[in-house]
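Participant: build me a model from this:
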Amino acid sequence: MRGVSLDLLRTFLAVYRSGSVSTAAALLGLSQPTVTAQVKQLETRIARPLFNRMPRGMAPTAAADELAARIAPALDDLCETVDTNLLGGTERYGHTVHLGGPAELLCTRVLPALAEPVRQGLRLRVEFGLPEGLLAALIGGSLDLIVSTTRPRARGVRVISLLDEEFALVAAAPWTLADLGHAPLIAYAENLPILRRYWRTIFGTRLTRSPAVVVPDLRGVLAAAVAGAGITVLPTYLCAAELADGRLYRLESPEVPPLNTLFLAGRAGPEQPAVTEVRDRLRASATGWG
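Facilitator: Here you go, the predicted model:
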């Protein structure tokens, strides 16, 4: 690889990891024609095709897989070293971190966990959304990290398990388990996805009733349940305080409650120190969210 510009290798790796010229261009701050020209220049330099141009993106060849395996560790180390040396002292964080995820978790757990680094100078921008849209924004470069309720599956994305959220069947007075068949149901969506899963897992039956209240935010579901509007199923991280002080109570305590894994995802490759710090803070804090 002697004589090959680092810019060409960096561009190649961005296309390889994102699978898209447009995404790589956005990540690198270059135009799409420039990215295409640099990839072609590198292909000419090594005399081997690196990508097959597909209707949706770029499919790497065997030569691209081999090249990425050879250069990625060294190039990532170089970028990290440069970032670390440039972002010292009062510019500890430097990069503004763009973080996306479900509104309820970000507001009740994630933002409090990041209060200390914000006091120390971290700049944070938060976006709410559903898994598919969040993943597209991550790949497109507008988000640095996402918390997802489903496992993100895309080339060029680094994923770790963040939290196993536990679900509980809850209500406030006067409702009891004996009222389960007729009490109003409070749901996140019209098709009761969380409640249906609980019924199927714990009761072994299909829930066919319609909800009395639909609120597209679990914090609203929680508020309605605390007010006594009916019965619902909530992640325990969201209603822990209400369960502790008696405003809500579990209608039952199954030996193995329904669980759902939440994931923390970012783009593969070199990472700004601020993004790494946010990732590490959330991993450490999430152990106490259950």
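Participant: for the closest residue to residue 194 other than its chain neighbours, what are phi and psi?
Facilitator: Excluding its sequence neighbours, the residue lying closest to residue 194 (C-beta to C-beta, 6 or more residues apart in numbering) is residue 233, at 5.0 Å. Placement of C-beta: from N, CA and C, glycine included. Main-chain torsions, residue 233, degrees, to the nearest 10: phi -120, psi 130.
Participant: what's around the residue nearest to residue 157 when sequence neighbours are not counted, how many residues?
Facilitator: Sequence neighbours aside, residue 265 is the residue nearest to residue 157 in space, at 5.4 Å (criterion: C-beta to C-beta, 6+ apart). Residues near residue 265, counting by other C-beta atoms under 10 Å, number 27.
Participant: give me the sheet partners of the helix or strand encompassing residue 265 and which way each runs.
Facilitator: Remark: residue 265 resides in strand 259-267, with elements defined by DSSP states H and E. Applying DSSP bridges, strand 259-267 is found paired with strand 145-148 (antiparallel), strand 157-171 (antiparallel).
Participant: which residues touch it?
Facilitator: Contacting residues not belonging to strand 259-267 are listed as 17-18, 27, 105, 135, 138-139, 141, 144-152, 156-167, 235, 275, 279, 282-283, 286 [C-beta atoms under 8 Å, 6 or more residues apart in numbering].
Participant: swap in stretch 156-165?
Facilitator: With C-beta under 8 Å, 6+ apart, stretch 156-165 has contacts from 16-19, 135, 138-139, 147, 151-152, 235-237, 259-269, 279, 282-283, 286, 289-290.
Participant: quick revisit: wait, the residue nearest to residue 194 sits on residue 166?
Facilitator: No: in this structure residue 233 lies outside contact range of residue 166 using C-beta atoms under 8 Å: 10.7 Å.
Participant: more neighbours, the two?
Facilitator: residue 233 (27 against 15).
Participant: buried set for stretch 160-175?
Facilitator: Neighbour-count burial for stretch 160-175 flags 162, 163, 165, 167, 168, 169, 170, 171, 172, 175 (criterion: 16 or more other C-beta atoms under 10 Å).
Participant: what's the spacing between that stretch and its chain's center?
Facilitator: Offset of stretch 160-175 from its chain centre (C-alpha atoms, centre = their mean, to the nearest Å): 20 Å.
Participant: list the beta-bridge partners for the residue nearest to residue 194.
Facilitator: Beta-bridge partners, per DSSP bridges, of residue 233: residue 169.
Participant: of the contacts of strand 259-267, grab the buried ones for PyMOL.
Facilitator: Buried subset of the contacts of strand 259-267, written as a PyMOL selection, criterion 16+ other C-beta under 10 Å:
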select buried, resi 17+18+27+105+135+138+139+141+144+145+146+147+148+149+152+156+157+159+162+163+165+167+235+275+279+282+286
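Participant: name the nearest of the buried residues of stretch 160-175 relative to residue 96.
Facilitator: Distances from the buried residues of stretch 160-175 to residue 96 were compared by C-beta to C-beta; the smallest belongs to residue 162, at 21.5 Å.
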